[in-house]
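>>> no FASTA, just this:
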């Protein structure tokens, strides 16, 4: 990432229930799993006139990360709210 890129302190995440979680073993040997989460955030490069809003998949099984997303109505609504908040923050 360019050193002069400005990242917002704001970020929203929506856990996606229709995808498998990535299993892992913690340092204490406990087992857990990271579900697929869609992160909504803002960034602006130093040469950019306006910020950009990104959706980034995180967690979940890497081989199951989709090129398009299927989601429940509730998940879609939460992503929509997060996107609207990002737009509001970007516009000041």
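Now that the structure is in, tell me what you want to look at. Note that the structure is a prediction, hence the values are computed from the model and not measured.
>>> quick check: longest strand of this structure.
Assignment by DSSP state E gives strand 6-15 as the longest strand of the chain.
>>> In its sheet, which strands sit next to it, and in what direction?
Partners of strand 6-15 in the sheet, by DSSP bridges, are strand 37-44 (antiparallel).
>>> now for the helix or strand just after the partner strand, which elements pack on it?
From strand 37-44 onward toward the C-terminus, using DSSP states H and E, the following helix or strand is strand 52-58. Strand 52-58 sits against strand 37-44, helix 73-91, with contacts defined as 3 or more CB pairs under 8 Å, 6 or more residues apart in numbering; DSSP states H and E. The C-beta positions use only the backbone N, C-alpha and C, and glycine is treated the same way.
>>> What residues of the first one count as buried?
Neighbour counts over strand 37-44 (16 or more other CB atoms under 10 Å) mark 37-38, 40-42, 44 as buried.
>>> export these to a markdown table and tack on distance to residue 89 and pLDDT?
Converted to a markdown table, the buried residues of strand 37-44 look like this (distance: CB to CB, whole Å; pLDDT from 0 to 100):
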| residue | distance to residue 89 | pLDDT |
| --- | --- | --- |
| 37 | 20 | 88 |
| 38 | 17 | 89 |
| 40 | 10 | 90 |
| 41 | 10 | 86 |
| 42 | 6 | 85 |
| 44 | 11 | 79 |
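>>> Quick check: the gap between residue 89 and residue 70.
Residue 89 sits 27 Å away from residue 70, going by CB to CB, to the nearest Å.
>>> Looking at those two now, which is surrounded by more residues?
It is residue 89, of residue 89 and residue 70, that has more neighbours when counted by other CB atoms under 10 Å, with 15 against 10.
>>> how close does the nearest residue to residue 36 once chain neighbours are set aside sit to residue 24?
Using CB to CB, 6 or more residues apart in numbering and skipping the chain neighbours, the partner closest in space to residue 36 is residue 60 (2.8 Å). Separation of residue 60 from residue 24 (CB to CB) stands at 12 Å.
>>> Now tell me what touches the longest strand of the chain from outside.
35-46, 51, 58, 75, 78-79, 81-82, 85-86, 89 (CB atoms under 8 Å, 6 or more residues apart in numbering).
>>> what about 7 Å?
Strand 6-15 has contacts (CB atoms under 7 Å, 6 or more residues apart in numbering) with 35, 37-44, 75, 78-79, 82, 85, 89.
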